[in-house]
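1. Mind looking at a prediction? Sequence and model below.
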Amino acid sequence: MGDVGMKPVIFLVTALTDVKQDGFSVKLRALLEQQVPVQILFADLNFLERATFDQLLATLAVTNPALVTVTDLFDIFANDQGSPLSERTRMRVDHTNLTVRRHTSATETVVRYLYDDQLLEEQHFTADQQLSYQNFYQDNLLTQVVFWGKQQRPVTISNFQAEALKETLLLNAQGELVYRFMREEQPVQKIFNGKDAATLQVADPATPQSEALPSKKSREPAGTLTVRNEQATIFKVMDYVDATDFNGIYDFYRYALKRLGAADARLYVSVSQNVEMSAVLPNQLIFNY
């Protein structure tokens, strides 16, 4: 039996790389061995990683799968009122007179629609023939991915540019837009230990530096600090529910965790995000994995 005095446990997962860390599996297995229920907030904005995440989680929680609950952003905001999508938001392909190619494996069925040598759309179905997601292409390059939920309704729309994620739109149960996450590259300054190059601090990626300092290393003995300029990927958040002004993606994670009840839970976050999450949750004890 788990410790009855222990608070509920929530893991924040924002990318597939979080789950692949040794710390994640070690902490998760230790809690499950103690019969502690664990809730995982899957807040990855690239829903293409969800299937792989589920597979990895199944191997990590094989001894006590009933103790693990996964909640994603759609689950949290499904009933919030949003804004209707325009007709141009979702790409659509007229299948009339297109060439169809189908491949079925033990886990999924893939259906492709082509116009001559141009791939226009690719549909992925689960083993029980439920539509999982649709890929749309222009000039054979991935342009949009629409992810479908258990109720066979779109839950997110991800737009790509040069096959790199540009933005993700989170929908509610009525198919309305509730949040838009816009990906950008911005310069940040990182401080390293001059002796072993270990990162000591990361400048807040939500706040671009007003004046970039040149990369430099102190002339003092080894062990002092090195300041480097690097490009960081950030996500800006646009709220279509009540126009909340989120200060970047970590502030949004804070709000999602609040909706999940994390204030009364033991919160585990990736060690790589400890600085950012501590900044938006200054009064909460945060554990790392």
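-> Happy to help now that I have it.
2. how about the helices of the stretch 1-150 of the chain, start to end?
-> Along the stretch 1-150 of the chain, the segments classed as helices by DSSP state H, counting those that start in this stretch run 16-20, 22-33, 50-60, 73-77.
3. Quote the end-to-end distance of stretch 94-108.
-> End-to-end distance for stretch 94-108, by C-alpha to C-alpha, to the nearest Å: 23 Å.
4. got the buried residues for that stretch?
-> residue 98 (16 or more other C-beta atoms under 10 Å). In short, each C-beta sits where N, CA and C put it, glycine included.
5. quick one: contacts of it?
-> 109-116, 120-121, 124-127, 132 (C-beta atoms under 8 Å, 6 or more residues apart in numbering).
6. tell me the mean pLDDT over it?
-> Taken as a whole, stretch 94-108 has a mean pLDDT of 96.
7. again with stretch 127-144
-> 96.
8. Give me the residues contacting it.
-> Under the contact criterion C-beta under 8 Å, 6+ apart, stretch 127-144 has outside partners 47-48, 51, 90-91, 93, 106-109, 118-126, 145-148, 150, 152, 157-160, 162-163.
9. For the strand ranked longest in the chain, what is the distance to the chain centroid?
-> Longest strand in the chain, counting residues (DSSP state E): strand 177-193. Here strand 177-193 is found 13 Å from its chain centre; the criterion is C-alpha atoms, centre = their mean, to the nearest Å.
10. mind listing which of the contacts of stretch 127-144 are in strands?
-> Per DSSP E, the subset of the contacts of stretch 127-144 in strands is 108-109, 118-126, 145-148, 157-160.
11. Separate out the buried members of those.
-> Buried among the ones in strands among the contacts of stretch 127-144 (16+ other C-beta under 10 Å): 109, 119-125, 145-148, 157-160.
12. What is the most widely separated pair among these?
-> Within those, 109 and 159 form the most distant pair, 25.0 Å apart (C-beta to C-beta).
13. Contact partners for the residue nearest the centre of the chain?
-> Closest residue to the average C-alpha location of the chain: residue 44 at 1.1 Å, with C-alpha atoms, centre = their mean. Taking C-beta under 8 Å, 6+ apart, we find residue 44 in contact with 13, 14, 15, 16, 50, 53.
14. Number of residues surrounding the second one?
-> With neighbours defined by other C-beta atoms under 10 Å, the count for residue 14 comes to 21.
15. how about low-confidence regions in the stretch 1-150 of the chain?
-> 1-6 (pLDDT under 70).
16. Sketch out the low-pLDDT regions of the stretch 151-289 of the chain for me.
-> For the stretch 151-289 of the chain (pLDDT under 70), the answer is 190, 192-223.
17. need the helices for it, in chain order.
-> Taking DSSP H, counting those that start in this stretch, the helices of the stretch 151-289 of the chain run over residues 249-260, 274-280.
18. List the buried residues in the longest one.
-> If I follow you right, that is helix 249-260. Within helix 249-260, the residues that qualify as buried are 249, 250, 251, 252, 253, 254, 255, 256, 257, 260, counting by 16+ other C-beta under 10 Å.
19. thought the fifth one was touching residue 13?
-> No - the criterion here is C-beta atoms under 8 Å, and residue 253 misses it with residue 13 at 10.5 Å.
20. Residue 243 and residue 156, how far apart?
-> Noted for residue 243: a distance of 21 Å to residue 156, by C-beta to C-beta, to the nearest Å.
21. Comparing those two, which residue is more hemmed in?
-> Shown here are residue 243 and residue 156; by other C-beta under 10 Å, residue 156 has more neighbours (23 against 7).
22. what's the nearest residue to the more buried one if we skip its chain neighbours?
-> residue 147 (4.7 Å; C-beta to C-beta, 6 or more residues apart in numbering).
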